[in-house]
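Visitor: Below is the sequence, then the predicted model.
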Amino acid sequence: MEKTIIINIGNTIIHIEESAYELLKAYLFEVKQHFANHADDLEIVTDIENRIAELLSEQLEEQKKQVVDASNVNSVIGLMGRVQDFDSAEEPEEAEPIANSTYQQAYAGKKLYRDMDDRVIAGVCAGIAHYVNTEAKWIRLALLLISFIGGAGILVYAILWVIMPKAKSRIEKMEMKGEPANLQGFQKNLDEELQAVKERLSEVNKHAQPLFARFGIFIGEFFEWLGRFIGGTGKVIFKVIAGVIIVFGVLFLLSLIVGFAAFQGFWDESIYEYFPFSIVNDSARGVILLGAFIVLFIPILALVLFSIRVAFNKQAINKTLSFALLIIWLVGVATTGYQAAKISTEFKQHAELTQTADLKAYKTYVIDIDRSKYFSKEDSITYHIDASERRQIVTEDFENGPFVAHNNIRINIEKSENGNSRLVQKYESQGKTFSQALQNARSIDYKYFTRDSSIVFSPRFQLRKGTIWRNQEVWLNLEVPVGTRLILKEDAYRYINNYGTWDCRDLENDKNDYSVWVMTEDGLKCVAQLKEEAIKNKRLRQELRNLEILRKTNSTDSIYQDSVSNRIKEVKTELGITEE
Amino acid sequence: MIAENTQTQMRKGILEYCVLSIISRGEIYASDIIAELRSAKLLVVEGTLYPLLTRLKNNGLLSYNWVESTSGPPRKYYTLTEVGRGILSQLDQTWQELAYAVGVSQKGANS
């Protein structure tokens, strides 16, 4: 019994016995080698293949056989003639420059191919190494060094990848290494050779657009390489990342659980007087807390589980459970979203409440901040504040606590229209309806006091117990007549809303913890700055006078006169004098 | 060896002339050319013919048509071009001269 092979030769399908196939293959290879240096090798080989196919088909028909055997092939070879016989009849012409007496000589020189057997990425470096007769590692090192110059090496590599063909067949590999091609070498790997012939025949179209085809090969190989990279090196990187995520994710989950428990413990405690927890209505607190917990907890849990899967290649959780988690999460999102929407409606309306108090007339007011704190009964107990201990003073630094208090006051200083000093307190709030907003504004508790000409503001306002945060604000409008002096204490700077108070520095007394201001027709002015300006103006006027004299004395020199009048112009603009 | 070389040279020139002559009689398939050459006892093997035909075609002496075949793939049928005809008539004349030269050389001008 003999194995039968189906081959496609000259576009004809032929069944052939294995031994006969080997014979035919060897013969075709010989023929191909013989014409390899011929200008029209492709056409001649195609003609011969077609003829062989035809002869084989004819023989099968004549002998009423299905399968070609060795005798058929031998008779075909007899008809076509051995390669040695070709030479005698058709010696290459001198007129054909491409021709060579023997093909061995043609392969004596090396050719530049990519070496796919010794490659790191696409075999470019190995190919160059063969060509210049060195070891691939030196080329790789050189290219790596070039890559540090703005990535030039990478570009060079990509271009070479496109330009250099890869060494596919044995001949090409031999050409690449510069080995002399001999028949023994070829015989070893006839399979590959025939494949190369076939490919060459089928790639006729590609010859029309060689660069385009090359580029296509490049793209294909690049993605193949990328795939290998991600599959190999990339996997390790992903695992490391997954490991880091697992560690931090688990820590985060634990802290979430602790936090959740802590908040439950804080129930009805003072934490809810602080922003942002003060936003939430009493009744909704439990629901929102649980909702927020679920919304945060489940995605992180999912991330950790996914990372476990990446890092250890196994499913940490089954599908039903993960589906259940998803449902719980969605419920959590919906609940939290609903509550948030509900709360946001309570900010719909705005209301404000105004209280006006006339101040005793003084030439100078001192504005200060009360740094003492109001203590509730609970505070007194927790901080051990004993009313009988008179010498105790508790002061507050402004940036304390986990949440900077949201309920700071803001002060506007304005010019009084009627010549009287007064303080307007404006309480503002949001609410679901106007009356609720007004109610929320009413719940503001704010205190200031006056001592002679000092006005001492408390830095914060309080909300009466049980009131929730609805963007309550306190505005204090201090109105003083023109000419009134104000001494602003440093503590008060941060609360002044309509003037930049930090810039007012008395250069002579830099260490003062206050600044002096005066109300003018154009609003509040820093006295130190006014003084400075006055001095400057005086200096400028003096200069102007001197310049005027200079203009009159030396009127013949035009260049000199020009520069004098230029300076006069500059000085005048600085003084605010417009030239007519 | 010298004899062999001379034979080869002689055959080579004549083969080309004969092929052109055969094709000049009308459109013909490569294997039929072989058959003709064989009956003329000139030719050796088919493999020799294809490079020759290709070269003649590239030099503009021949052209071919693809003709459908009842068995197997389409076949190339060769014909002579105008250039080919011109060259063939030159070769004809050369052949006459050579035949004369050979005849005279062998038998003497007077016989």
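Guide: Ah, there it is.

Visitor: For chain B, which segments count as strands?
Guide: Using DSSP state E, the strands found in chain B span residues B:28-29, B:62-67, B:75-80.

Visitor: Which residues outside the host helix or strand of A:Glu428 are in contact with it?
Guide: A:Glu428 belongs to strand A:422-431 when elements are defined using DSSP states H and E. Strand A:422-431 is contacted from outside by A:346-359, A:416, A:437-444, A:446, A:448, A:455, A:461, A:470-479, using CB atoms under 8 Å, 6 or more residues apart in numbering or on different chains. Heads up, the C-betas are built off the backbone N, CA and C, glycines and all.

Visitor: between the strands of chain B, which gets nearest to chain A?
Guide: strand B:75-80 (7.1 Å; CB to the nearest CB).

Visitor: need the contact list for A:Asn133.
Guide: Contacts of A:Asn133 by CB under 8 Å, 6+ apart are A:Gly178.

Visitor: Sorry, wrong one. I was asking about A:Trp161.
Guide: Shown in contact with A:Trp161 (CB under 8 Å, 6+ apart): A:114, A:121-122, A:124, A:218, A:221-222.

Visitor: now those residues: which count as buried?
Guide: Buried members of the contacts of A:Trp161, counted by 16 or more other CB atoms under 10 Å in any protein chain shown: A:114, A:121-122, A:124, A:218, A:221.

Visitor: Reformat those into TSV and put pLDDT next to each item.
Guide: TSV is the format used below for the buried ones among the contacts of A:Trp161 (pLDDT from 0 to 100):
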residue	pLDDT
A:Arg114	87
A:Ile121	79
A:Ala122	81
A:Val124	85
A:Phe218	79
A:Glu221	80
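
Visitor: Give the burial count for whatever residue of chain B ends up closest to chain A, as a bare number.
Guide: Per CB to the nearest CB, B:Val45 is where chain B lies closest to chain A, at 2.0 Å. Residues lying near B:Val45 (other CB atoms under 10 Å in any protein chain shown) number 20.

Visitor: and what of A:Arg228?
Guide: 12.

Visitor: Parallel or antiparallel, list what pairs with the strand holding A:Glu428.
Guide: Note on strand A:422-431: by DSSP bridges, its sheet partners are strand A:349-358 (antiparallel), strand A:473-480 (antiparallel).

Visitor: Can you tell me how far the most centrally placed residue in chain B is from B:Ile34?
Guide: Geometric centre of chain B, nearest residue: B:Val19, 1.9 Å, by CA atoms, centre = their mean. As judged by CB to CB, to the nearest Å, B:Val19 and B:Ile34 stand 10 Å apart.

Visitor: Toward the C-terminus, what is the element adjacent to the lengthiest helix in chain A?
Guide: Using DSSP state H to define each element, chain A has its longest helix at helix A:235-265. Downstream of helix A:235-265, the next assigned helix or strand under DSSP H and E is helix A:285-312.

Visitor: buried set for that next one?
Guide: For helix A:285-312, burial by neighbour count (16+ other CB under 10 Å) applies to A:285, A:288-289, A:291-298, A:300-308, A:311.

Visitor: Return the list of helices and strands in contact with that helix.
Guide: helix A:235-265, helix A:319-345 (3 or more CB pairs under 8 Å, 6 or more residues apart in numbering or on different chains; DSSP states H and E).

Visitor: ok now it, how far from the chain's centre?
Guide: Averaging C-alpha positions (CA atoms, centre = their mean, to the nearest Å) puts helix A:285-312 24 Å from its chain's average.

Visitor: List phi and psi for the residue in the stretch 301-450 of chain A positioned nearest to chain B.
Guide: Residue nearest to chain B within the stretch 301-450 of chain A: A:Asn313 (54.6 Å; CB to the nearest CB). A:Asn313 adopts backbone torsions of phi 60, psi 30, taken as degrees, to the nearest 10.

Visitor: since we're on it, how many residues are nearby?
Guide: 9.

Visitor: Can you give me the pLDDT of it?
Guide: pLDDT recorded at A:Asn313 is 75.

Visitor: Could you tell me how far it is located from A:Ala302?
Guide: Taking CB to CB, one finds A:Asn313 at 18 Å from A:Ala302.

Visitor: Run through the residues that contact the closest residue in space to B:Leu56 that isn't next to it in sequence.
Guide: With CB to CB, 6 or more residues apart in numbering or on different chains as the criterion, B:Leu56 has its nearest non-adjacent residue at 4.7 Å, and that residue is B:Leu62. B:Leu62 makes contact with B:23, B:53, B:56, B:78-81, B:84, according to CB under 8 Å, 6+ apart.

Visitor: Which other helices and strands does whichever helix or strand A:Ile411 is part of contact?
Guide: Per DSSP H and E: A:Ile411 is located in strand A:409-415. Under the contact definition 3+ CB pairs under 8 Å, 6+ apart, strand A:409-415 sits against strand A:473-480, strand A:514-520, strand A:523-526.

Visitor: Each with direction, which strands does the second one pair with?
Guide: Sheet partners assigned to strand A:514-520 using DSSP bridges are listed as strand A:485-489 (antiparallel), strand A:523-526 (antiparallel).

Visitor: Verify the stated contact: A:Ile369 with A:Tyr493.
Guide: No: the pair A:Ile369 and A:Tyr493 fails to qualify as a contact (CB atoms under 8 Å) at a distance of 9.2 Å.

Visitor: out of these two, which sits in the busier spot?
Guide: Set A:Ile369 next to A:Tyr493 and count neighbours by other CB under 10 Å: A:Ile369 wins out with 20 against 17.

Visitor: The more buried one and A:Gln472, how far apart?
Guide: For A:Ile369, the distance to A:Gln472 - CB to CB - is 19 Å.

Visitor: on that earlier part again, just the strands paired with strand A:422-431: most buried one?
Guide: strand A:473-480 (a mean of 20; mean count of other CB atoms under 10 Å in any protein chain shown).

Visitor: Tell me what angle it forms with strand A:409-415.
Guide: 30 degrees (axes from the mean of the first three to the mean of the last three CA atoms, to 10 degrees).

Visitor: pLDDT averaged over strand A:473-480 - what is it?
Guide: On average, strand A:473-480 scores 90.
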